[in-house]
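1. Fold the following, please.
(chains A and B)
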Amino acid sequence: MIIAVPAESQSLDSPICQSFGRAPFYCIYDSETERSRFIENTAVKASGGAGVEAAQLLADQGVHILITYRLGEHAARILNAADAQILKAVDLSIADNIASWKERALNALDEIHSGYHHG
Amino acid sequence: MADELTIAVLSGKGGVGKTMVSVNLAAVAPSATYIDCDVEEPNGHLFLAPDIEEERTVTVGKPEVDQSRCDGCRICTQACAFKALAYVKDRLLVFSEICHSCGLCYHLCPQGALSERQQPLGVIRRGKRGNLTVHSAEMRIGEPSGVPLIKALTQNINGGLTIIDGPPGSGCLVHETIAASDFCLLVAEPTRFGEHNLALIHHLVTMMGKPCAVLLNKSTGGYNPSEAYAKANGLSIIASIPWDEELGRITADGELAALHSAHYRGVFTSLLEAIKAEAHHA
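-> So this is what the prediction gives:
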């Protein structure tokens, strides 16, 4: 399973970024090899549509599971189309969230917000 | 032609009296066109109560995908400035709510997999009340951008005197409204928040090269941050309307103060003359 987590910095001890689309990095963790790597979020400076661009980036990484605090409706549609499971992050480090996932202790993210569009 | 002038009434902050000022200016003009560009919350028609003569639907083009033709080259998803397209598991996804109808995707698609489909955005209405022509729009609930409605509304500027009731804020809708105007009347209230938004709208109007002046509304006689801003920034103060509970009451009843009281008829007639003079000197 490939797991993606929005990250504040390139470390497993880093907190999960509160924003999905504007997270500076994503941690990509492979549960089979137990290896993790970090990718830069190219959408971080997007003037609009950051969530779409970020979700496309993760879909292209073949992500099966996303652990996040929040997710917008467009990004959710992309990840659903990619058959990715969306789980709600708990207020701990990336490593702790991955450990919680292994214990099946994470719940599905049930709140999808409608984005932060502006005129 | 003396009256060839389009005045946009703007404020940045909402609730400062844009509509009250716009409808009363329209009411004292011998002949004018009133356009309500606040397409998200149009309310000028409540005061002007025009007899509707025409209603038409405004549509916008959005991309439609023929998945059988799409070969996943991603030229469209990469070109879209608004990120309204994504490609996942051999399918092209379109996010109409983000799409700004620029048409670049169907122009670029080498496979002809994208085409334009017209979608209703809202309706625009034209009506009459005496010598006043009233144009307003109503956007469909849930639509993200009323810019095409404002473009359709401002096509009705016909060379006479036009008064535009602007949208609040200083975003795309306001930008489109300013672009259609010759002169901007910035209505400001005596609060810090009012001053802050007056500065935003003043910057935008100045950047767009339009002459403007400020109307101090709800003036209480005490310290007025908006007045201080205008003085410090060389912004002409065209008039000041003192805080008046009676004016608030008349307006809350959906009445036109200029028709209700001789005093306010005088206030708005003078204001209109002052705007014309200021605009012609600009």
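
2. Now whichever residue of chain A sits closest to chain B: phi and psi?
-> Going by CB to the nearest CB, chain B is nearest to A:Gly49 of chain A, at 2.6 Å. C-beta: built from backbone N, CA, C; applies to glycine. The phi/psi pair for A:Gly49 (degrees, to the nearest 10) reads phi 70, psi 20.

3. what's the closest non-adjacent residue to it?
-> Using CB to CB, 6 or more residues apart in numbering or on different chains and skipping the chain neighbours, the partner closest in space to A:Gly49 is B:Lys83 (2.6 Å).

4. On the pLDDT front, check the one you found for me.
-> pLDDT, B:Lys83: 92.

5. ok, now which ones touch whatever residue of the stretch 51-200 of chain B ends up closest to chain A?
-> Residue of the stretch 51-200 of chain B nearest chain A, by CB to the nearest CB: B:Lys83 (2.6 Å). Listed by CB atoms under 8 Å, 6 or more residues apart in numbering or on different chains, the contact set of B:Lys83 reads A:Ala43, A:Ala46, A:Gly48, A:Gly49, A:Ala50, A:Val52, A:Glu53, B:Thr77, B:Phe95, B:Ile98.

6. and if we set it to 10 Å?
-> A:21, A:43, A:46-56, A:74, B:77, B:95, B:98-99 (CB atoms under 10 Å, 6 or more residues apart in numbering or on different chains).

7. Which of these fall in strands?
-> Among those, no member is found in strands (DSSP state E).

8. Can you select the buried ones among these for me in ChimeraX?
-> Only the buried entries of the contacts of B:Lys83 go into this ChimeraX selection, using 16 or more other CB atoms under 10 Å in any protein chain shown:
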select /A:21,43,46,48,49,50,51,52,53,54,55,56,74 /B:77,95,98,99
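
9. Helices - which of the contacts of B:Lys83 land there?
-> Here DSSP state H is the test, and these give A:Ala50, A:Gly51, A:Val52, A:Glu53, A:Ala54, A:Ala55, A:Gln56, A:His74, B:Thr77 as lying in helices.

10. Reformat those as JSON lines; add distance to B:Pro30 and pLDDT.
-> Putting those into JSON lines (distance: CB to CB, whole Å; pLDDT from 0 to 100) gives the following:
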{"residue": "A:Ala50", "distance to B:Pro30": "52", "pLDDT": "90"}
{"residue": "A:Gly51", "distance to B:Pro30": "52", "pLDDT": "92"}
{"residue": "A:Val52", "distance to B:Pro30": "52", "pLDDT": "94"}
{"residue": "A:Glu53", "distance to B:Pro30": "54", "pLDDT": "94"}
{"residue": "A:Ala54", "distance to B:Pro30": "57", "pLDDT": "96"}
{"residue": "A:Ala55", "distance to B:Pro30": "57", "pLDDT": "97"}
{"residue": "A:Gln56", "distance to B:Pro30": "58", "pLDDT": "96"}
{"residue": "A:His74", "distance to B:Pro30": "51", "pLDDT": "92"}
{"residue": "B:Thr77", "distance to B:Pro30": "55", "pLDDT": "96"}
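
11. with those residues in mind, which one is nearest to B:Leu48?
-> Distance to B:Leu48, by CB to CB, is smallest for A:His74 among the ones in helices among the contacts of B:Lys83, at 39.2 Å.

12. thinking that closest one is in contact with A:Ala43, fair?
-> No. Look at A:His74 against A:Ala43 with CB atoms under 10 Å: they stay out of range, at 11.8 Å.

13. Now list whatever residues contact both of the two.
-> Shared contacts of A:His74 and A:Ala43, defined by CB under 10 Å, 6+ apart, are found at A:Gly21, A:Gly49, A:Ala50, A:Gly51, A:Val52, A:Glu53, A:Ala55, B:Lys83.

14. So what are the structural domains in chain B, by residue number?
-> The record's domain parsing of chain B by automatic domain parsing lists B:5-58+B:123-281, B:67-112.

15. Around chain B, which positions in chain A sit nearby?
-> Within reach of chain B by CB under 10 Å from any CB of the partner chain, chain A has these residues: A:21, A:43, A:46-56, A:59-60, A:73-75, A:77-84, A:114-115, A:117-119.

16. helix, strand or coil for B:Glu273?
-> helix (DSSP: H, G, I helix; E, B strand; the rest coil).
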